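>>> pasting the sequence and the predicted model now:
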Amino acid sequence: MRFLKFISEFFKHPKQVGAVAESSGFLARKMAQHIGQATNIVEFGPGTGSVTKEILRHMPQNSRLTCFEINPNFCERLKKIKDSRLKIVNDDVQNCNRYVEQPDCILSSLPLANFNESEKERIFTLTSKSKTYIQFQYNPFLRPTLKKYFKDVKIKFVPLNIPPAFVYISKNPRDKIYHCENSSEQKKQACNLNA
Ligand SMILES: C[S@@+](CC[C@H](N)C(=O)[O-])C[C@H]1O[C@@H](n2cnc3c(N)ncnc32)[C@H](O)[C@@H]1O
């Protein structure tokens, strides 16, 4: 049933969904295993929740997970996942700073190949404020762009997915991250994607 839901949403919004099938368990685990001890975790583009469920399995008990999904039909399905640590937000990721401050770890399945340059720049500016940013893509060409925003970028290949995928694990040292909890002015400067 999840397969039918996913593919029917793909036919309605092909560029936004960006994939014909949800991510495999192999891909979801490859992403979630890099969460470490993060406590304020954010997911971009959870879809039907295959990565979301793996994040919940891997994350520490005292962590919270906030998911941003633009498609309301996917949100209805995600709300069936019962876990008090999980919050689903039906909004564009570009508004994420209205809901969460300074995530430690961002996991994203956004179809970046369908985003224009300024949208991508806004996403990377936002994600580079977190210590760890984990993104999957179907191509191996994202590393040079990510290196402009992150000190350390690793790529893992996941063959057991339709289609095979690449997971990018990008990290910035803690002292290079701009903290935005102090004043609302600082928060605007550091986090406002719409600026
Ligand atoms: C490739 S699918 C991945 C779904 C799921 N995480 C998986 O791996 O099976 C991309 C998801 O990103 C969502 N999405 C695309 N653009 C978005 C945006 N600007 N804000 C929030 N979600 C977005 C789509 O609705 C879709 O659910």
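Looks like it arrived, so ask away.

>>> roughly how far does Y99 sit from the ligand?
Counting by Cβ to the nearest ligand atom, to the nearest Å, the separation of Y99 from the ligand is 12 Å. Bear in mind the C-beta positions are built from the backbone N, C-alpha and C, glycine included.

>>> skip the chain neighbours and tell me the closest residue to that residue.
V89 (5.5 Å; Cβ to Cβ, 6 or more residues apart in numbering).

>>> which stretches of the chain form helices?
Counting by DSSP state H, the chain has these helices, from start to end: 2-12, 14-17, 25-32, 50-58, 72-78, 117-127, 143-147, 184-191.

>>> what does this structure put close to the ligand?
16-19, 22-23, 45-47, 50-51, 68-71, 74, 92-93, 109-111 (Cβ under 6 Å from any ligand atom).

>>> buried subset of those residues?
By neighbour count, with 16 or more other Cβ atoms under 10 Å, the residues of the chain next to the ligand hold 17-19, 22-23, 45-47, 50-51, 68-71, 74, 93, 109-111 as buried.

>>> select from those residues every entry located in strands.
Counting by DSSP state E, the part of those found in strands is F68.

>>> pLDDT weak spots in the chain?
174-195 (pLDDT under 70).

>>> quick check, central residue of it?
S108 (2.1 Å; Cα atoms, centre = their mean).

>>> in the sheet, who's paired with the residue nearest to that one when sequence neighbours are not counted?
Excluding its sequence neighbours, the residue lying closest to S108 (Cβ to Cβ, 6+ apart) is F44, at 3.9 Å. Beta-bridge partners for F44, by DSSP bridges, are F68, S108.

>>> one more: V89?
Here V89, judged by DSSP bridges, has bridge partners F68.

>>> now do the contacts for it.
Contacts for V89 (Cβ atoms under 8 Å, 6 or more residues apart in numbering) come out as 66-69, 96, 99.

>>> now, among the residues you listed, which is nearest to R2?
Set against R2, the nearest of the contacts of V89 by Cβ to Cβ is E69 (14.3 Å).

>>> would you mind measuring from that closest one to I41?
Noted for E69: a distance of 15 Å to I41, by Cβ to Cβ, to the nearest Å.

>>> ok, now K79?
Going from K79 to I41 by Cβ to Cβ gives 18 Å.

>>> quick one: which of those two has more around it?
I41 (27 against 12; other Cβ atoms under 10 Å).

>>> so that one sits right up against C105, yeah?
Yes. With contact defined as Cβ atoms under 8 Å, I41 reaches C105; the gap is 4.9 Å.

>>> who touches both of these two?
Common contact partners of I41 and C105 (Cβ under 8 Å, 6+ apart): I35.

>>> the residue nearest to P164 when sequence neighbours are not counted pairs with what?
Take P164 and drop its neighbours on the chain: the residue closest to it by Cβ to Cβ, 6+ apart is V158, 6.4 Å away. Going by DSSP bridges, V158 is paired in beta bridges with A165.

>>> pretty sure V158 contacts Y138?
No. With contact defined as Cβ under 8 Å, V158 does not reach Y138; the gap is 10.3 Å.

>>> thanks again, I'm all set now.
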